[in-house]
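1. Sequence first, predicted coordinates after that:
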Amino acid sequence: MKCLTSKEMTQIDLTAMKDYNMPGDMLMENAGRSIVAQIEPDIVKRDQIVVVAGPGNNGGDGFVVARELYNRGYRVKLIQTVPNEKITGDANKHFTILKKFGVPIVTSMSEAEHELKSATLVIDALFGTGYVGPMHEPIQSYVDLMNQILAPIYSIDVPSGVSEDVDSMTVAVKATKTLIIEAPKVTAYIETTAPYYGEKTIVSIGLPYAAFHSISRTVWLAPQVQTSLMPRQQFGHKGTYGHVLLVGGNVAMPGAVQLSALGAVKSGAGLVSVMTDEATWPYLQLPYEVMRTSVDYIMNKDFLSKYQVIAFGMGLGIDDQKERMLHQLLEQDVPLLIDADGLTLLGRDLRRLEGRNSPTVLTPHPKEFAMLSGHSVAAIKVNPFSVTKSFAKKHGVFLILKGANTIITSPRGEQIVNTTGNSGLSKGGSGDLLSGICSVRMMQDKPLLSSLANGVFLHGAACDFAIKQAYTPYDVTPTDVAGMLGEAFRTFIE
Ligand SMILES: NC(=O)C1=CN([C@@H]2O[C@H](COP(=O)(O)OP(=O)(O)OC[C@H]3O[C@@H](n4cnc5c(N)ncnc54)[C@H](O)[C@@H]3O)[C@@H](O)[C@H]2O)[C@@H](O)CC1
Ligand SMILES: [K+]
């Protein structure tokens, strides 16, 4: 499933109309009817349904919904928020039809307030992808009223007032559910705007699938994992599945590399090795399956060439010797995943990324990404797709920006957004586990961007299973999540 900016969605609507001869009023009819099909199981005839319609095509969708529900015998009122002359084009066609059907229309604010207060369901069709902030009166008062009532609000396509330009946002509808048309918009996954959506449901209006081909932003779902996860092979051996080296851990933080090692052995690695300094070994309790490698080998290029992936930085500590280790690895022709302290060391000189022949994967959380990119954490949170894309392209790296909806970006700027996981992952150690999982998937799944998305998906899905089956977001630990990886894998092989 693709994920789009408002501009991209508008372009696809135009393509459907121009290149595929799909009339705009027909698309609007499709949208309205598909939305009614989604709403109908939730309502009964005695419900009082209020549709709040704006001036554009989102309002047009609202006209179709109001008319269709009215025609099916529901009690429906339409709140018209703008004068007649502001309703034009396809929306006006459906407005005219709606009036012919005799749907009751409310135009005054006082009446609208009364209707909203007695409504049992409100349909928000004020604005969709064409909204540009800020919001002015009287529309702002309609939104304020909607946000005060207790009845559920179903927003059409986008909660009205939500915008990619977060700085221009004033008020927005807090939807109970958003019935997203055809494909989710990026605001559904941005920390500052996602909470307005409530529950998300996609409704198809029959837009041509091919029109979405040029969009290189994808929401990663189970079918994508199923097709890109490398199958286990009947005649495979440990060499088939790859040997990963995890470089990390220090006396103060031995657990980090332990969790990475646990993630790696539970994610299908052929062989897992850990490299740490002499002083740290006594503090490590590694899974039986993990091999130990002396840090002295970091200078030995031939020795390092036996690994298919090297992950660097989990609980490593920061000093000049560790920085030299990173420089040594950056010169090695092997896929490299850099996490945690490794990112801090890399941040001292990003030019070191230049000229690498093998892929480099960086796995920052927003604070680490702020350090690397020079953007503020706030700017990263409101604009995560564009800041990651420009960084990944500029530095030629794969980037995993960790968060509630982790965004994975390739050096070419293709992006994947993950939807698995829950607040149980917001704990120390989750990222270490993720690095272990991703570095193994990197050795097996193709292309590399998909392998990283699979790692992120499995990590989140394992935590979702943990919450469903045994734990809560309060008590679940990264070790518990590792224990649930089997459940996550099982969904793709059964
Ligand atoms: N063919 C299409 O383009 C289709 C569009 N659809 C719907 O149409 C929506 C997009 O339609 P539009 O591009 O008309 O955009 P919207 O309906 O989201 O809003 C644009 C309208 O609102 C006004 N407006 C924008 N910001 C405002 C502000 N701050 N204060 C007051 N007025 C403001 C604009 O002047 C314009 O009249 C989608 O979200 C979707 O719901 C669907 O009907 C499917 C087909
Ligand atoms: K809306």
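-> Structure received. Ligands and ions are numbered 1, 2, ... in the order given.
2. who are the neighbours in contact with the one residue in the stretch 301-450 of the chain that gets nearest to ligand 1?
-> Closest contact between the stretch 301-450 of the chain and ligand 1, by C-beta to the nearest ligand atom, is at Val382 (18.2 Å). (Each C-beta comes from the backbone N, C-alpha and C, glycine too.) By C-beta atoms under 8 Å, 6 or more residues apart in numbering, the residues touching Val382 are 166-167, 190-192.
3. Which pair of these spans the longest distance?
-> Spatial extent of those (C-beta to C-beta) is set by the pair Asp167 and Glu191 at 14.5 Å.
4. More neighbours: which of the two?
-> Glu191 (15 against 10; other C-beta atoms under 10 Å).
5. and the closest residue to the more buried one other than its chain neighbours, what pLDDT?
-> Counting by C-beta to C-beta, 6 or more residues apart in numbering, Lys381 is the residue found nearest to Glu191 once chain neighbours are left out, at 4.8 Å. In the prediction, the pLDDT value recorded for Lys381 is 95.
6. Thr15: what's it in contact with?
-> Taking C-beta under 8 Å, 6+ apart, one finds 208, 211 in contact with Thr15.
7. can you pull the buried residues of the helix or strand where it lies?
-> Taking DSSP states H and E as the definition, Thr15 sits inside helix 6-18. For helix 6-18, the neighbour count (16 or more other C-beta atoms under 10 Å) marks 6, 8-9, 12-13, 15-17 as buried.
8. Then stretch 192-205?
-> For stretch 192-205, the neighbour count (16+ other C-beta under 10 Å) marks 193-194, 196-198, 203, 205 as buried.
9. what about Asn92, neighbour count?
-> For Asn92, the count of nearby residues is 18 (other C-beta under 10 Å).
10. Doesn't it lie inside a helix?
-> Yes. Per DSSP: H, G, I helix; E, B strand; the rest coil, Asn92 lies within a helix segment.
11. any idea how far it is from ligand 2?
-> Look at Asn92 and ligand 2: by C-beta to the ion, to the nearest Å, they are 18 Å apart.
12. Kindly export the helix or strand of the chain with the lowest mean pLDDT (C-alpha atoms) in PDB.
-> Lowest on mean pLDDT, DSSP states H and E among the helices and strands of the chain sits helix 238-241, with a mean of 88. What follows is helix 238-241, C-alpha atoms only, in PDB (Å, rounded to 0.1, in the frame of the first residue of the first chain):
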ATOM      1  CA  LYS A 238      24.500 -22.300   8.300                       C
ATOM      2  CA  GLY A 239      26.600 -20.700   5.600                       C
ATOM      3  CA  THR A 240      23.400 -20.200   3.600                       C
ATOM      4  CA  TYR A 241      22.000 -17.800   6.200                       C
END
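13. what residues does it touch?
-> Against helix 238-241 from outside (C-beta under 8 Å, 6+ apart): 233, 268-271, 440, 443-444.
14. Check stretch 452-460 too.
-> So stretch 452-460 is contacted by 220, 224-225, 228-229, 263, 267, 361, 398, 400, 406, 408, 416, 418-422, 425, 430, 433-434, 437-442, 445, 481, 485, 488-489 (C-beta under 8 Å, 6+ apart).
15. picking up where we left off before, OK, contacts around the residue nearest to Glu191?
-> By C-beta under 8 Å, 6+ apart, the residues touching Lys381 are 190-192, 366.
16. From those, list the ones also adjacent to ligand 2.
-> Contacts with ligand 2 within these, counted by C-beta under 5 Å from the ion: none were found.
17. Pipe the residues you listed into CSV and attach secondary structure per row.
-> Formatted as CSV, the contacts of Lys381 follow (three-state DSSP):
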residue, secondary structure
Ile190, coil
Glu191, coil
Thr192, coil
Pro366, helix
